[in-house]
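Chemist: below is the sequence, then the predicted model.
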Amino acid sequence: ICNASGERIRPRSRCKPMRELSPEIRKVIAVDSSKQNSWGKQCALFVGAPLLLLGMILSIINYAGGPDRFIAAYHVGFVFLWALSLGSLFFVALHHAAGAVWSVVVRRVAEIMSLGIILAGIFYLPLLFLSGRIFPWLDPDVVAQSTLLQEKSVYLNFPFFAARGLGFFLLWILFAGAFFAWSLHQDRNNPTVPPRYEARRLAPIFLLVFAFSLALCAVDWLMSLDPLWFSSLFLVYVFAGVVLTGLAGLTLAVLALRRSGLLGASIISADHLYNLGGLLFAFSCFWGYIALSQYLLIWYGNLPEETIWYVHRQKHGAAAAGFVMIALRFALPFVVLISRPAKKSPAILLIMSVCVLAGQWVDLQWLVMPALQEQAPVLAVFDLGPLFVFIALHIMLFGILVARYPLLPQGDPKLASSLSFEVKI
């Protein structure tokens with residue numbers, strides 16, 4: 001850009017200065033810090049701690065019944081925690097990339113939820129030591145009997161497997177920390193050019209990293225449990241499950257904070273709930289579509305190396321578990337949330353979120369157990385032990401962070417618009 005004399009001048013920033021919140025809005029978002037601190041501690045002590053104790057008891061019983069079953073349940077719990085945290089981080093990045101307005105009031109909750117990726121990274125380390133009892137391609141005798149596995153060993157080998165996982169967790173933690181730190185910095189310093197714009201530049205980069213890393217982790221942690229099987233749609237199937245799990249967890253957290261009064265009805269309105277319910281409905285349908293598409297393509301192709309994967313998941317109660325999974329993750333959300341008033345109902349959203357999360361656990365059991373415990377039932381109560389431990393620690397971390405940090409991004413210039421958001425149909 002040049003002036004009248006032909007000299008180059010620096011273009012003006014497109015970033016608008018931050019607006020001061022009006023006294024009315026400040027009154028709406030004002031929260032008693034002692035109440036928030038108390039609620040966060042109660043969440044950690046009276047929800048997280050009992051669930052942790054229950055999970056440890058179930059895990060001990062599970063381990064006593066056989067270490068291999070416990071290791072398989074540990075793997076399921078780890079993937080569940082990873083999906084919950086990474087799905088929340090995806091929501092944060094999508095918010096910034098789209099420049100969304102309505103989701104500003106729930107963004108900080110999603111940012112806090114996404115920090116659970118740190119816990120998932122910690123629990124990935126024991127998984128590395130247990131990997132020899134989880135992944136058959138790490139058994140030299142199994143590899144020696146298969147020419148295909150020998151060719152795949154260029155990718156499926158322990159050093160590369162561990163490096164991929166550790167590298168991806170490092171990236172995810174850095175992204176989650178950056179989004180959260182910039183959000184807090186925006187609140188505290190109120191800069192002329194807010195870090196919201198830095199986050200908006202970073203979000204597309206994360207989405208590319210997310211797509212690449214999610215695809216490889218889906219192969220590494222789930223598809224390679226049956227190393228001779230392959231499906232190009234399986235990666236999309238895992239993506240749909242991760243996003244759906246993150247949305248369900250975020251919805252539960254928002255509903256809990258809304259009920260407590262920390263994010264009351266004057267902040268999280270029925271219109272905000274409607275959008276959360278709409279996303280749950282949309283991704284439930286998307287997951288069902290991908291699951292059906294994968295099944296129909298393999299059924300129509302009728303290739304033994306592909307159909308054997310479904311054959312293994314029709315034995316020892318696996319078929320019944322599959323129908324339960326479909327009911328929890330697709331059929332119930334579709335039938336219930338297709339109604340517009342249902343998407344605005346806190347009670348219905350609570351039930352549907354729990355159904356979706358329960359369906360995610362059943363789905364992971366259905367994916368993992370037939371590969372690792374072929375002669376055992378797919379679903380067992382004691383398999384919930386490791387899952388409860390991981391979820392309890394995530395709840396405790398969530399409570400601690402809620403007690404310490406503001407629940408609204410008060411420095412975001414779109415906050416006022418988000419508070420007055422209405423669905424216009």
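Modeler: Nice, thanks for sending it over.

Chemist: OK, contacts around the nearest residue to Met325 once chain neighbours are set aside?
Modeler: Excluding the flanking residues, the one nearest Met325 by CB to CB, 6 or more residues apart in numbering is Val362, at 4.4 Å. Bear in mind the C-beta positions are built from the backbone N, C-alpha and C, glycine included. Residues in contact with Val362 (CB atoms under 8 Å, 6 or more residues apart in numbering) are Ala321, Val324, Met325, Leu328, Leu379.

Chemist: where does the fourth one land on pLDDT?
Modeler: Translated: Leu328. If you check Leu328, the pLDDT there is 95.

Chemist: do the same with the third one
Modeler: The predicted local distance difference test score for Met325 is 94.

Chemist: need the contact partners of the helix or strand containing it.
Modeler: Element membership for Met325, per DSSP states H and E: helix 318-326. Residues outside helix 318-326 that contact it (CB under 8 Å, 6+ apart) are 288, 291, 312-314, 359, 362-363, 365-366, 369-370, 378-379.

Chemist: among the contacts of Val362, who's most crowded?
Modeler: Met325 (24 neighbours; other CB atoms under 10 Å).

Chemist: what distance do you get for that one to Asp226?
Modeler: As judged by CB to CB, to the nearest Å, Met325 and Asp226 stand 18 Å apart.

Chemist: with Glu151 instead?
Modeler: Distance of Glu151 to Asp226, given as CB to CB: 16 Å.

Chemist: of these two, who's got more company?
Modeler: Neighbour count, other CB under 10 Å: between Glu151 and Asp226, Asp226 has more, with 17 against 10.

Chemist: touching, that one and Val368? I think so.
Modeler: No - counting by CB atoms under 8 Å, Asp226 sits too far from Val368 to count as a contact (10.3 Å).

Chemist: from Phe160, how far off is the closest residue in space to Gln150 that isn't next to it in sequence?
Modeler: Sequence neighbours aside, Val143 is the residue nearest to Gln150 in space, at 6.0 Å (criterion: CB to CB, 6+ apart). Distance, Val143 to Phe160, using CB to CB: 14 Å.

Chemist: so those two - more neighbours on which side?
Modeler: Neighbours per residue (other CB under 10 Å) separate Val143 from Phe160, with Val143 holding more: 19 against 13.

Chemist: of the contacts of helix 318-326, buried ones?
Modeler: Among the contacts of helix 318-326, the ones that count as buried by 16 or more other CB atoms under 10 Å are 288, 291, 312-313, 359, 362-363, 365-366, 369-370, 378-379.

Chemist: tabulate those (TSV), appending pLDDT, secondary structure and distance to Gln186.
Modeler: Output for those, formatted as TSV (pLDDT from 0 to 100; DSSP: H, G, I helix; E, B strand; the rest coil; distance: CB to CB, whole Å):
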residue	pLDDT	secondary structure	distance to Gln186
Gly288	95	helix	38
Ala291	95	helix	40
His312	87	helix	50
Arg313	88	coil	47
Gly359	96	helix	36
Val362	95	helix	40
Asp363	95	helix	37
Gln365	95	helix	41
Trp366	94	helix	42
Met369	92	helix	45
Pro370	91	helix	48
Val378	85	coil	47
Leu379	90	coil	45
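
Chemist: what is the nearest of the residues you listed to Gly264?
Modeler: Gly359 (29.8 Å; CB to CB).

Chemist: mind listing what the closest one touches?
Modeler: Val324, Met325, Ala327, Leu328, Arg329.

Chemist: can you report phi and psi for Val378?
Modeler: phi -70, psi -40 (degrees, to the nearest 10).

Chemist: and it, what does it touch?
Modeler: Counting by CB under 8 Å, 6+ apart, Val378 touches His316, Gly317, Ala318, Ala321, Gln365, Trp366, Met369, Pro370.

Chemist: look up the closest residue to the first one, ignoring the ones flanking it.
Modeler: In other words, His316. His316 sits nearest to Pro377 (CB to CB, 6+ apart), 5.7 Å away.

Chemist: the one you found belongs to a strand?
Modeler: No - going by DSSP: H, G, I helix; E, B strand; the rest coil, the assignment for Pro377 is coil, not a strand.

Chemist: next, count neighbours for Pro296.
Modeler: No Pro there; residue 296 is Leu. Leu296 has 10 nearby residues by other CB under 10 Å.

Chemist: okay, the angle between the one helix or strand it maps to and helix 318-326?
Modeler: Per DSSP H and E, Leu296 falls inside helix 270-301. Interaxial angle of helix 270-301 relative to helix 318-326 (axes from the mean of the first three to the mean of the last three CA atoms, to 10 degrees): 150 degrees.

Chemist: pull out the buried positions in helix 270-301.
Modeler: Using 16+ other CB under 10 Å as the test for burial, helix 270-301 gives 272-277, 279-281, 283-288, 290-291, 294, 298.

Chemist: low-confidence ranges in the stretch 201-350 of the chain?
Modeler: For the stretch 201-350 of the chain, no stretch has pLDDT under 70.

Chemist: now with 90?
Modeler: Scanning the stretch 201-350 of the chain with the threshold set as pLDDT under 90 gives 201, 228, 230, 232, 261-267, 301-306, 308, 311-319.
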